[in-house]
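Participant: Sequence plus predicted model, see below.
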Amino acid sequence: MAERFRHSESIKWNEIMAKKKTLFECQACGFQTPRWMGKCPNCGEWESLIELSAEQIKFLKESSSIQTLGRGSKAQPITEIDEENFRRFPSGSRELDLVLGGGIVPGSLTLIGGSPGIGKSTLLLKIAGNLARQGQTVLYVSGEESAGQIKLRANRLEANHERLYLLSEINLENLLSELEQRDYDFLVVDSIQTLYSDESPSAPGSVTQVRTITFELMRLAKNKQIPIFIIGHITKEGSIAGPRVLEHMVDTVLYFEGDSNSELRLLRGFKNRFGSTNEVGIFEMRKDGLKDASGFANRFFDKDRLQAGSALTVIMEGSRPIVIEIQALVAESYGHPKRSSTGYDNNRLQMLLALLEKKLDLPLGTYDVFINVSGGIRINEPAADLAVIAAILSSYRERELSSETLFLGEVSLTGEIREIPALSQRLREIETQGFKKVVLPEKPLEKTGIKCYVASEVGKIVEWIFV
């Protein structure tokens, strides 16, 4: 009797001591860990780790094993592999084709992100209408709007065509069934976070669902050679909502940028397996939808309204030079000095302010400094450093700069003004816009009708800043 009791107690103890298999997954980046943590060690998000159920863990194991099954491919010398020439076709939008590298590639999977109301759905519905008029059969899938709502927008965009089909659906299996019933040449999914699959036991928009659906859409695009465009929501930080694996799986990632109060929208490529990511598309939001911007060259500045604290420069967006206005406000601080910038790197602003204090003995440590790039554009190159310094000095001294002068140059930590790339292209744009003077680190090699003032270091800029 005692032996039987000890045996039953041993069984219970073994059951209690048996380790329960648990798995936690970050809903922001997809990081997995066997124990819960308050902060994700991969992306830094707080309270984003959620415990997966036994069904979800089983599904992850089965899906990963399915993807790894199959016959392995044999390695070949790279010299024996034929080059793959990508065929492209126009989308009907010159700016979108520029960002994509020349047009839409069949079998490609493209992700478009941007803040709400910036024009993602408007652009893709317009492109769908353009392709339908070119004779292609297009399917527009929406999980957020009804077919009637999309019809209203199509009337405004003049995108109505009998070859454009609308489908209000959030179930992936129903979408795949529709694709089997009719041959489509182009597919738009609005948005990826609203779709769900019955095979994945989790809520729509979760990491597991997004991973599963993106994998199925990628397989569909490659097998049927259908170009697929998907819309992704963004977080408050401006990145695509959901796991980072979403951006890694797709072929192209595009982001809409721009101020919601401005008519101009910028479409920038952050990843492109079929072309470069240097180009940017410029669109204009009108009553009849999102249009390719025409005559945008003077949309980012107004030379007749320049005041103290404003300076002009030229930045390169891919192969396109754009004249922009940089605004600065320097005011006495009543407490801890503030440094803030919109459209310009805040860390680089801190460096330039420290440099001005050391080289020019300016007491900027007791002043608030604010920088703004007009037009909602974001500067991604250091060629605008000299213009930022000029705008700061203009605001600090309350002296207006000449509306005929532009500033070009990168500023180093030693105060040296260094040369910038594509100088000849920038100068041609300056001359085209009717400007007469430019402050730059070296004289151009090509002959130009612009009067050039050379400043090799920050200390010399004071000599030319108010010319």
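Facilitator: All right, it came through fine.
Participant: For residue 353, see how far away the residue nearest to residue 337 when sequence neighbours are not counted is.
Facilitator: Nearest residue to residue 337, sequence neighbours excluded (Cβ to Cβ, 6 or more residues apart in numbering): residue 368, at 5.6 Å. Placement of C-beta: from N, CA and C, glycine included. Distance of residue 368 to residue 353, computed by Cβ to Cβ, to the nearest Å: 11 Å.
Participant: Show me whatever sits in contact with both of those two.
Facilitator: Shared contacts of residue 368 and residue 353, defined by Cβ atoms under 8 Å, 6 or more residues apart in numbering, are found at residue 339.
Participant: And these two? Which one has more around it.
Facilitator: Neighbours per residue, other Cβ atoms under 10 Å: of residue 368 and residue 353, the larger number sits with residue 353, 22 against 17.
Participant: The more buried one in helix, strand or coil?
Facilitator: Judged by DSSP: H, G, I helix; E, B strand; the rest coil, the three-state class of residue 353 is helix.
Participant: neighbours around residue 339, how many?
Facilitator: Residue 339: 15 surrounding residues under other Cβ under 10 Å.
Participant: Quick one: residues contacting it.
Facilitator: Residue 339 is in contact with 346, 349, 350, 353, 368, 369, 370, counting by Cβ under 8 Å, 6+ apart.
Participant: CA atoms only: put stretch 276-293 into CSV for me.
Facilitator: Only the C-alpha atoms of stretch 276-293 are listed here, as CSV (Å, rounded to 0.1, in the frame of the first residue of the first chain):
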residue,chain,number,x,y,z
SER,A,276,18.1,51.9,-57.2
THR,A,277,16.6,53.6,-54.2
ASN,A,278,18.0,57.1,-54.9
GLU,A,279,15.1,58.5,-56.9
VAL,A,280,12.1,60.2,-55.3
GLY,A,281,8.6,60.8,-56.9
ILE,A,282,6.9,64.1,-56.4
PHE,A,283,3.1,64.2,-56.4
GLU,A,284,0.5,66.8,-55.9
MET,A,285,-2.8,66.2,-54.2
ARG,A,286,-5.7,67.8,-56.1
LYS,A,287,-9.4,67.6,-56.1
ASP,A,288,-9.3,64.9,-58.7
GLY,A,289,-6.7,62.8,-56.8
LEU,A,290,-3.0,62.4,-56.6
LYS,A,291,-1.3,63.7,-59.8
ASP,A,292,2.3,63.8,-61.0
ALA,A,293,3.6,67.2,-59.8
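Participant: State the mean pLDDT of it.
Facilitator: For stretch 276-293, the mean pLDDT works out to 85.
Participant: mind showing which ranges of the stretch 1-150 of the chain have poor pLDDT?
Facilitator: Applying pLDDT under 70 to the stretch 1-150 of the chain picks out residues 1-21, 28-30, 53-73.
Participant: Tell me where the chain has helices.
Facilitator: With helices called from DSSP state H, the chain shows them at 2-17, 54-68, 94-100, 120-133, 147-157, 172-181, 207-224, 245-249, 346-360, 385-397, 423-432, 458-464.
Participant: and these as a markdown table, adding distance to residue 77?
Facilitator: A markdown table is the format used below for the helices of the chain (distance: least, Cβ to Cβ, whole Å):
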| stretch | distance to residue 77 |
| --- | --- |
| helix 2-17 | 55 |
| helix 54-68 | 26 |
| helix 94-100 | 32 |
| helix 120-133 | 40 |
| helix 147-157 | 51 |
| helix 172-181 | 38 |
| helix 207-224 | 25 |
| helix 245-249 | 28 |
| helix 346-360 | 46 |
| helix 385-397 | 47 |
| helix 423-432 | 41 |
| helix 458-464 | 54 |
